[in-house]
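Asker: Here is my input; please provide its structure:
(one chain, ligands or ions: 1)
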Amino acid sequence: MKTIQHWINGSPTAGEALESAPVFNPATGAEQAHVVLGGTADVDAAVTAAATAFETWSESSLTQRTQVMFNFRQLLVEHEEELGRIISAEHGKTVDDARGEITRGREVVEFACGLGDVLKGSFSDQVSRGVDVHNFRQPLGVVAGITPFNFPAMVPLWMHPMAIATGNTFILKPSERDPSAANFVADLYRRAGLPDGVFNVVHGGKPAVDAILTHPGIQAVSFVGSTPIAKYVHEQATAHGKRVQALGGAKNHAVVLPDADLEFAANHITAGAYGSAGERCMAVSVAVAVGDAADRLVEILERKAREVKVGPGDAPGTEMGPLVTKAAQERVENAVGTAAAQGATVVVDGRGLKVDGHESGFFTGPSLIDHVSTEMDAYKEELFGPVLAIVRAESLDEAIALINANPYGNGTALFTGSGEAARRFQRNVTVGMIGVNVPVPVPMSYYSFGGWKDSLIGDSPIHGPEGIRFYTRPKVVTTRWPQPAQQLTAGFNFPTSS
Ligand code: NAD
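Answerer: Numbers count the residues shown, from 1 in each chain. Next up, the predicted model:
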């Protein structure tokens, strides 16, 4: 059986290999590989390689770094199908959906290709007589990223192109559930001309994460995953003097007003709820039906949920694949049972779905649950599966209050034909990413991605302008070049301009 190794200093290595974990094919339920689980020694080895590489990479020209990014982008285009299949085989999502995440991740590389522009400093001429001021930004050193299972290509791509283009060297600790995409990307970087040691991969679980959070040679940590771990990472990494960006979980509401095109809204909410089997941090997990939109909306959502084609991610025509693990399948199916026990109406029950020829796969069908209240577990918990809860509200203001009372604030959407309602909604919700008639409003790479409240711990969103800021620190230089004939006296008072 294949063993997936770390990637340190430009090549695969088993490292200490004290432990390994099974990697499953979620569509068949079969164990298909093992991944080595790293610890302190492996993180040490990666930091040593990255620190050595930093000495030369941080001195490389903007032109050289930009060229590597252009090469890397081209390789991502050429290998999109292959990488998509690797992701699908370990995550379970459809190959087309995996290609979508690669495209969205590649857009961050495209943003990084414009490095020459985004890293420009500014210059102030003659701030005092004969004195100019300019500023510029420099890389931090060795930085690390810890990423979740649900986007094994895109979420790391939110981080490493930004870090590497700005002159840092990078250690990725991907999810141990779908680790192969990270090694594939490492090899693409090698082929793009990235020097050894600039991009490294250490596989593992908590011991590898803890080694990163406490390592004195790592300057900054980017994390994306569930909220409890985001809080832990933020606390530990800041306590060890590191810069941290930590994105957490979500419970995203899509509000449907009575004036919306209900067929359009239901279509998009269905795709947003069940796409990638609901395993997206921007998945729609709650539809808030306002006023008399509710009954008709539920009727259309029911029809559409029953039409979703569930199957293995690599089969043509599949719209929704399995969940990532057996434990995830059981958790989601139990949650549907709990919702029914707590008084909700299970309109479409996805439990117990069997896919022909894939009876041991981790499948569950789309579930639609109506009359959900805010006290129920189905509303309070991030289920991270293909379960859409319907909550009914009397007015837009009640819907906004509901969203604002929720501890998460990642994404939200409003379906309406009213510009006034859309403006009120976007100004008043305590959520970081908002869609107006757009169910999954993931920002383009030249904006930054990040939620509010428990969906982002600390203060730093990811990629775009915030990514440049996060991976660099500023210097401001005040310069005077006195002419030989000038006899300027040096004052003892605090310097002011004249
Ligand atoms: P997770 O929190 O279980 O794991 C994320 C990373 O942390 C993995 O690399 C994992 O190995 C590591 N980890 C897990 N347990 C740990 C522990 N006890 N100590 C130290 N490290 C640990 O998340 P997941 O299940 O892989 O991914 C799904 C979660 O990620 C969901 O909550 C989802 O909303 C969230 N997510 C958020 C965003 C966002 O942008 N806000 C994007 C994608 C996913």
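Asker: Which helix or which strand is home to the residue of the stretch 51-200 of the chain found nearest the ligand?
Answerer: Nearest residue of the stretch 51-200 of the chain to the ligand, counting by C-beta to the nearest ligand atom: Pro148, 3.0 Å away. From N, CA and C alone the C-beta is placed, and that goes for glycine too. Assessed by DSSP states H and E, Pro148 sits outside every helix and strand.
Asker: Leaving out chain neighbours, which residue sits closest to it?
Answerer: Leaving aside its sequence neighbours, Pro148 sits nearest to Gly225 (C-beta to C-beta, 6 or more residues apart in numbering; 4.3 Å).
Asker: just checking, the one you found touches Gly145?
Answerer: No - using C-beta atoms under 8 Å, Gly225 is not in contact with Gly145, being 10.9 Å away.
Asker: Please say which of the two ends up with more neighbours.
Answerer: Taking neighbours as other C-beta atoms under 10 Å, Gly225 and Gly145 compare with Gly145 leading, 27 against 22.
Asker: after the helix or strand encompassing that one, next one along is what?
Answerer: Assigned by DSSP H and E, Gly145 belongs to strand 142-146. Reading on from strand 142-146 to the C-terminus, the next helix or strand found by DSSP H and E is helix 154-165.
Asker: roughly how far is the following helix or strand past that following helix from the heart of the chain?
Answerer: Sequence-wise, the next helix or strand downstream of helix 154-165 (DSSP H and E) is strand 169-173. Its chain's C-alpha centre and that of strand 169-173 lie 15 Å apart, by C-alpha atoms, centre = their mean, to the nearest Å.
Asker: do stretch 235-250 as well
Answerer: 15 Å.
Asker: buried set for it?
Answerer: Gln236, Ala237, Thr238, Lys242, Arg243, Val244, Gln245, Ala246, Leu247, Gly248, Gly249, Ala250 (16 or more other C-beta atoms under 10 Å).
Asker: in the least confident helix or strand in the chain by mean pLDDT, what's buried?
Answerer: Comparing every helix and strand of the chain by mean pLDDT, DSSP states H and E singles out helix 115-118 as the least confident one, with a mean of 93. Under the neighbour-count criterion of 16+ other C-beta under 10 Å, helix 115-118 has Leu115, Val118 buried.
Asker: Need the residues that contact it.
Answerer: For helix 115-118, the external contacting residues (C-beta atoms under 8 Å, 6 or more residues apart in numbering) are Leu62, Thr63, Arg65, Thr66, Met69, Phe111, Ala165, Thr166, Pro465, Ile468.
Asker: Could you dump those residues into CSV with distance to the ligand added?
Answerer: Putting the contacts of helix 115-118 into CSV (distance: C-beta to the nearest ligand atom, whole Å) gives the following:
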residue, distance to the ligand
Leu62, 29
Thr63, 32
Arg65, 26
Thr66, 27
Met69, 23
Phe111, 17
Ala165, 21
Thr166, 21
Pro465, 17
Ile468, 18
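Asker: just checking, the residue of the stretch 51-200 of the chain closest to the ligand touches Ser222?
Answerer: No - counting by C-beta under 8 Å, Pro148 does not reach Ser222; the two are 11.8 Å apart.
Asker: who has more neighbours, the two?
Answerer: Neighbour count, other C-beta under 10 Å: between Pro148 and Ser222, Ser222 has more, with 31 against 23.
Asker: what are the bridge partners for the more buried one, then?
Answerer: Beta-bridge pairing for Ser222 (DSSP bridges): Gly145, Gln245.
Asker: Where does the prediction get shaky in the chain?
Answerer: 485-488 (pLDDT under 70).
Asker: Would you mind listing what in it touches the ligand?
Answerer: 146-151, 155, 173, 175-176, 205-206, 209, 224-226, 229, 232, 247-250, 281, 382, 384, 410, 451, 455 (C-beta under 6 Å from any ligand atom).
Asker: Could you check how far Pro316 is from the ligand?
Answerer: 27 Å (C-beta to the nearest ligand atom, to the nearest Å).
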